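Q: Here's my sequence, what's the structure:
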Amino acid sequence: MPLDAKLMDRLFSSPQLPSMPAVAMQIIDLVQEDEADVDKIAETISLDPALSTKMLKTVNSSFYGLPKTVGSVHQAVVVLGLNSVKTLALGFSLVGKLTHSGGDGFDQMAYWRRNLYCATAAKQLCDKLNIVQAEEVFMSSLLQDVGMLALVQVLGEEYISLLDQIKGDHRKLSKLENAELGGDHTEVGGALAESWGLPPLLVESIRLHERPDESDENLRQVIRVVNAGSFAAELIEHPEDQQRVRNYHMILSGWFDIEEEEAGQLLENTCRQARETQRLFDLPTGELEGTEEIMARAREALELISLQNARTSGELQQANQELAQKAQRDAITGLYNRRHFDEQLDEQFLTVGPDKPLSLVFIDLDHFKSVNDTYGHDAGDAVLVAIAKTLSETAEGRGDAFRYGGDEFLLLSSGMSRNDAALLAEELRLNIIAAMAKLEIGEEGVNPGVTGSIGVATYEGTLFKRPEQLVKAADKGAYAAKSSGRNAVRVFVPKTKAA
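A: Numbers count the residues shown, from 1 in each chain. Next up, the predicted model:
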């Protein structure tokens with residue numbers, strides 16, 4: 001709906017309203033001249049060392065994947081074209097200023113994280129669809145919610161309390177803004193972009209990014225791409241939400257004829273490219289979740305949707321079996337999860353006797369946190385997958401492997417004695433070393449250096465009264481292994497009472 005005149009006056013008369021950086025204004029003036037002077041534009045950008053450095057860093061990154069290194073802003077203009085360089089320069093200067101906007105109570109990290117995913121997904125989609133305005137789409141996606149920044153800057157607590165009401169559900173925002181303020185952030189953002197003198201495509205993309213079908217026909221495809229980026233962002237931030245998964249696939253199929261497999265690949269590419277984009281634009285997003293974790297949860301949600309749909313096709317029994325199996329598995333490693341372990345432990349604990357012991361091997365990974373901290377969650381996920389494969393292969397025919405949580409794993413074996421469990425644990429310790437020696441992570445392909453501190457405990461029908469006591473005993477063994485210097489096996493042996 002049109003902006004309320006009083007709200008408009010209040011916003012645009014406020015000294016807190018974000019303003020256009022000087023270098024961005026110079027670039028806009030230069031490119032709007034009848035005959036744009038490439039040398040002058042390159043010189044203007046180069047006068048800002050921070051801006052020119054970011055420009056060259058981006059041009060030479062995987063963001064473009066050019067075959068040769070670009071050494072100067074002038075060369076970047078020649079290689080990418082005036083329009084691309086202009087849009088990037090505007091974006092860098094604007095984003096650099098806007099990342100300092102906001103205030104107490106406004107979740108800057110959530111704001112920029114969402115827009116980072118929106119912009120990265122939109123650019124991936126441009127590349128897929130061969131849309132030439134990829135930079136404009138990327139930048140308008142990154143700036144699509146600039147109206148929110150203007151509203152929080154000017155209205156302060158009044159707008160923060162409104163954001164609190166939607167509890168992170170961005171789809172509810174415009175309706176609430178219109179009801180409470182007489183206008184919404186899309187109209188504010190469009191008006192602000194227009195006042196800055198941004199190119200018309202950016203202005204309209206910001207103004208209509210949530211209502212692409214209201215745009216002129218010649219802009220509709222581009223603004224639909226911007227809108228589709230927001231559906232990708234919502235899925236990435238909530239990959240287990242089946243409705244968001246449905247929305248993403250329906251939008252890509254309905255608007256762009258992109259089917260499920262291709263849509264999944266675009267989503268994965270978005271997750272991976274987002275890290276590089278976050279680094280290049282220095283966005284305050286906080287730590288991004290690992291790609292494998294996101295994709296595993298999204299695939300699981302999509303499979304559950306398919307299985308639920310299968311119920312209406314007379315496949316209820318099979319669907320239920322597959323759903324039950326999915327519920328037992330860890331999304332990243334494919335091992336049985338903690339819930340299934342608890343069920344199995346309770347069940348097998350009741351069958352234990354002198355001739356049928358129950359052994360538990362508790363694996364606590366060493367140095368795993370440093371992998372995540374140094375190389376990121378994607379590398380950490382690769383380590384977890386390799387460890388899980390090692391556990392499954394080592395335990396095959398002798399017990400079941402579980403991911404207990406974080407960097408902790410379990411092997412549960414019914415009928416295995418304490419001595420045999422200790423031998424299995426030592427075999428597993430050596431196999432972990434061998435598996436990690438073969439694994440390469442990070443850009444330089446280094447070995448992760450992860451080992452296992454392993455505890456063993458056995459229940460023979462006495463001592464332990466409850467299943468969780470067996471877990472605690474094996475955990476004590478793993479703790480003793482860590483205390484002894486890590487990469488060791490320690491067996492919990494109950495103390496015998498003196499005669």
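Q: Going by neighbour count, which residues of whichever strand or helix holds Gly254 are buried?
A: Element membership of Gly254 [criterion: DSSP states H and E] is helix 242-256. Neighbour-count burial for helix 242-256, counted by 16 or more other CB atoms under 10 Å, picks out Arg244, Val245, Asn247, Tyr248, His249, Ile251, Leu252, Trp255, Phe256. Quick note: C-beta positions are derived from backbone N, CA and C, even for glycine.
Q: Hmm, the fifth one is touching Leu266, no?
A: I take that to be His249. No. In this structure, His249 is not within contact of Leu266 by CB atoms under 8 Å, at 10.7 Å.
Q: what are the phi and psi angles of Arg490?
A: When read as degrees, to the nearest 10, the backbone of Arg490 gives phi -130, psi 140.
Q: In the sheet, which residues pair with it? Tell me.
A: Gly455 (DSSP bridges).
Q: and it, how many neighbours?
A: 22 (other CB atoms under 10 Å).
Q: quick one: contacts for it?
A: Listed by CB atoms under 8 Å, 6 or more residues apart in numbering, the contact set of Arg490 reads Ile454, Gly455, Val456, Gly477, Ala478, Ala480, Ala481, Ser484.
Q: Local confidence estimate at the fourth one?
A: Think Gly477. Per-residue confidence at Gly477 stands at 96 (pLDDT).
Q: Show the pLDDT at the residue lying closest to it once chain neighbours are set aside.
A: Spatial nearest neighbour of Gly477, excluding adjacent residues (CB to CB, 6 or more residues apart in numbering): Gly455 at 2.4 Å. Gly455 carries a pLDDT value of 97.
Q: and if you look at the one 10 residues further on?
A: Looking at Lys465, its pLDDT stands at 89.
Q: ok but it is inside a helix, no?
A: No. Applying DSSP: H, G, I helix; E, B strand; the rest coil, one finds Lys465 to be coil, outside a helix.
Q: All the helices of the stretch 51-200 of the chain, in order from the start?
A: With DSSP state H, counting those that start in this stretch as the definition, the stretch 51-200 of the chain shows helices at residue ranges 73-80, 82-98, 108-129, 134-142, 146-155, 157-166, 173-181, 185-196, 200-208.
Q: so which of these gets nearest Met8?
A: Met8 lies closest, by CB to CB, to one member of these: helix 185-196, at 7.0 Å.
Q: Can you list the buried residues in that closest one?
A: Quick answer for helix 185-196 (16+ other CB under 10 Å): His185, Thr186, Glu187, Val188, Gly189, Gly190, Ala191, Leu192, Ala193, Trp196.
Q: could I have it exported to CSV, CA atoms only?
A: This file holds the C-alpha atoms of helix 185-196, laid out as CSV (Å, rounded to 0.1, in the frame of the first residue of the first chain):
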residue,chain,number,x,y,z
HIS,A,185,9.7,-1.6,4.7
THR,A,186,9.5,-2.3,1.0
GLU,A,187,8.0,1.1,0.2
VAL,A,188,10.4,2.8,2.6
GLY,A,189,13.4,1.0,1.0
GLY,A,190,12.2,1.9,-2.5
ALA,A,191,11.7,5.5,-1.6
LEU,A,192,15.1,5.7,0.1
ALA,A,193,16.8,4.0,-2.9
GLU,A,194,15.1,6.5,-5.2
SER,A,195,16.2,9.5,-3.1
TRP,A,196,19.8,8.2,-3.3
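Q: Filter the contacts of Arg490 down to the buried ones, ChimeraX style.
A: Per 16+ other CB under 10 Å, the buried members of the contacts of Arg490 correspond to this ChimeraX selection:
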select :454,455,456,477,478,480,481
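Q: In CSV, list the contacts of Arg490 along with distance to Val203.
A: As requested, those are exported to CSV (distance: CB to CB, whole Å):
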residue, distance to Val203
Ile454, 61
Gly455, 63
Val456, 66
Gly477, 65
Ala478, 59
Ala480, 65
Ala481, 62
Ser484, 65
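Q: now, the most widely separated pair of the contacts of Arg490?
A: For the contacts of Arg490, the maximum inter-member distance is 14.0 Å, found between Val456 and Ser484 (CB to CB).
Q: And Phe138, how far from Pro200?
A: Plainly put, Phe138 is 17 Å away from Pro200 if you go by CB to CB, to the nearest Å.
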